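Colleague: fold the following.
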Amino acid sequence: MIEWRGTQKSTSERANRRLILTSGALGGVMGLALAVATLGGHRKGDDLVDLMLTGPLPVWLVLVLVFAWGVLLPIISWRWHRVVDEHEREAYRDGAVAGHYLMSIGAPVWWLLARADLVRPIDPVAFFAAFIVVSGVVWSWRKYR
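Modeller: Just a heads-up that it's a prediction; the model follows:
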């Protein structure tokens, strides 16, 4: 066991933290790569938000990002699921359920409202981000309360 800010952490807790940090670092590198690739070719007057969400990307970068998201992230996630304790597993489950409800209730409601021109059509990237935020907030609240 090692000392971590005044408390001893088990081997599984250290692995848990290491895997969460690795996942966060992978996401940070991916986000930075996307930003650099997108902003590197922008011109004055471009809508930067639209460019970040829908702008063209080099094929080599897309293939690297697809590998990171589709291969490396599932490996990290699989390993994380093997080391977490019951409390964290329940917190994760509750976050996933909250995200599921956002998708299964929010998407059809938004879609119906958009069909009547009461709201703009769903932006899939924004909806995905909302799912990640809701899941993460619930997971954090359940884990640290």
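Colleague: use CA for all of it now, contacts and neighbours both
Modeller: Fine.
Colleague: quick one, helices of the protein?
Modeller: Ranges of helices within the chain are 11-39, 48-54, 59-67, 73-83, 86-101, 107-115, 124-144, based on DSSP state H.
Colleague: how about low-confidence regions in the chain?
Modeller: 1-8, 41-42, 45-46 (pLDDT under 70).
Colleague: for Met52, the count of nearby residues, please.
Modeller: Residues near Met52, counting by other Cα atoms under 10 Å, number 17.
Colleague: touching, it and Gly40? I think so.
Modeller: No: the criterion here is Cα atoms under 8 Å, and Met52 misses it with Gly40 at 10.9 Å.
Colleague: show me what counts as buried in stretch 73-88.
Modeller: Neighbour-count burial for stretch 73-88, counted by 16 or more other Cα atoms under 10 Å, picks out Leu73, Trp80, Val83, Val84, Glu88.
Colleague: any idea how far Ser23 is from Ile76?
Modeller: Distance, Ile76 to Ser23, using Cα to Cα, to the nearest Å: 7 Å.
Colleague: over to Pro121: give its phi and psi.
Modeller: Dihedral angles of Pro121 (phi, psi; degrees, to the nearest 10) stand at phi -60, psi 160.
Colleague: doesn't Val109 make contact with it?
Modeller: No: contact criterion Cα under 8 Å: Pro121 and Val109 do not qualify, at 11.2 Å.
Colleague: re earlier: most packed of the helices of the chain?
Modeller: helix 86-101 (a mean of 17; mean count of other Cα atoms under 10 Å).
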